[in-house]
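S.K.: Give me a model of this one.
(2 chains)
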Amino acid sequence: MNQQRRSLLKYSAVFGLMASAGLISVAQAQEWNKAAFEGKSLDDVFKILGAGSPDKSAAVTLNAPDIAENGAVVPVGITTTLKAEQMAILVEKNPSSLAAQFFIPAGTEPFVTTRIKMGQTSNVYALVKADGKWSMAVKEVKVTLGGCGG
Amino acid sequence: MADPMRVRAAENGGIVDVKILMKHDMESGQRKDAAGKTIPAWFISTINVKANGKDVLNGQFGPAVSKDPFLNFKYKGAKGDKIVVSWVDSKGDKRTDEATAS
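M.R.: Below you'll find the predicted structure:
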């Protein structure tokens, strides 16, 4: 009996550790990356994300309009044939470059579409992290009416 | 309490297509009110989507995401999957809504 009780204790200790480890990783994923979102320029954000200077890749596709009539609502989508772990949307000439960042767990398709604001005509960057390496696609979107001013 | 989201999930060939429409002003912090004072930024900062209790997408938004954010993504799943979407905004306000994959 005593032996059984000991092993039970041991197991519960292990499970407790696993649970707390799990909790920690969830908390990290949830934490908003303030520094990255406050990065003013593309280079700032690349540095904070640890992307260095990503290579342009044909494997990354950025779906965005050539001309956005309303800069307040610009549909932007990223797809890739790479095994993406992370994706990010950056707008070069916005006050803060990073618009959105996504973490793609295994089992989720490397496909995300959302809508962003653009203050003026600018290059839009789609960044994809796969196998620890960042790749990107760039497209210029012309904005006829800005979405950031008053 | 924030307004509810619209969540739609449709399964097709083993892939569940999830469309989410969140209701949020997404103040950019760039706009000025009538008196010329800057309206402080207020936006959804993190979003988490789970299917049957497992993470299928984690996202972080900056103030440059449009008002009433829209999000579309796909994951490998099945009909009847329970999808739970939660967001937290920059003032700590929260909202969670559920949908079932059809």
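
S.K.: other SSEs contacting the strand or helix carrying A:Glu109?
M.R.: Element membership for A:Glu109 (DSSP states H and E) is strand A:108-116. Helices and strands touching strand A:108-116, by 3 or more Cβ pairs under 8 Å, 6 or more residues apart in numbering or on different chains; DSSP states H and E, are strand A:74-80, strand A:84-91, strand A:98-103, strand B:54-61, strand B:70-76. Bear in mind the C-beta positions are built from the backbone N, C-alpha and C, glycine included.

S.K.: Kindly recompute the last result at 7 Å.
M.R.: Judged by 3 or more Cβ pairs under 7 Å, 6 or more residues apart in numbering or on different chains; DSSP states H and E, strand A:108-116 is in contact with strand A:74-80, strand A:84-91, strand A:98-103, strand B:70-76.

S.K.: in it, what's buried?
M.R.: Within strand A:108-116, the residues that count as buried by 16 or more other Cβ atoms under 10 Å in any protein chain shown are A:108-116.

S.K.: Please apply the same query to stretch A:70-83.
M.R.: Buried-residue list, stretch A:70-83, by 16+ other Cβ under 10 Å: A:71-74, A:76-80, A:82.

S.K.: Which ones among the residues you listed also lie next to chain B?
M.R.: Of the residues in those, proximity to chain B by Cβ under 7 Å from any Cβ of the partner chain holds for A:72-73.

S.K.: Test my guess that B:Asp3 contacts B:Lys23.
M.R.: Yes. B:Asp3 lies in contact with B:Lys23 (Cβ atoms under 7 Å); the separation is 3.8 Å.

S.K.: who has more neighbours, these two?
M.R.: B:Lys23 (14 against 10; other Cβ atoms under 10 Å in any protein chain shown).

S.K.: Enumerate every residue touching the more buried one.
M.R.: B:2-5, B:68 (Cβ atoms under 7 Å, 6 or more residues apart in numbering or on different chains).

S.K.: mind running it again at 6 Å?
M.R.: B:3, B:68 (Cβ atoms under 6 Å, 6 or more residues apart in numbering or on different chains).

S.K.: Find the helix or strand that the residue lying farthest from the centre of chain B is a member of.
M.R.: The centre of chain B is farthest from one residue, B:Ala35, which by Cα atoms, centre = their mean lies 31.7 Å away. Following DSSP H and E, one finds B:Ala35 outside all helices and strands.

S.K.: Show me where chain A has its strands.
M.R.: Per DSSP state E, chain A carries strands over the ranges A:55-56, A:60-63, A:67-68, A:74-80, A:84-91, A:98-103, A:108-116, A:122-130, A:133-143.
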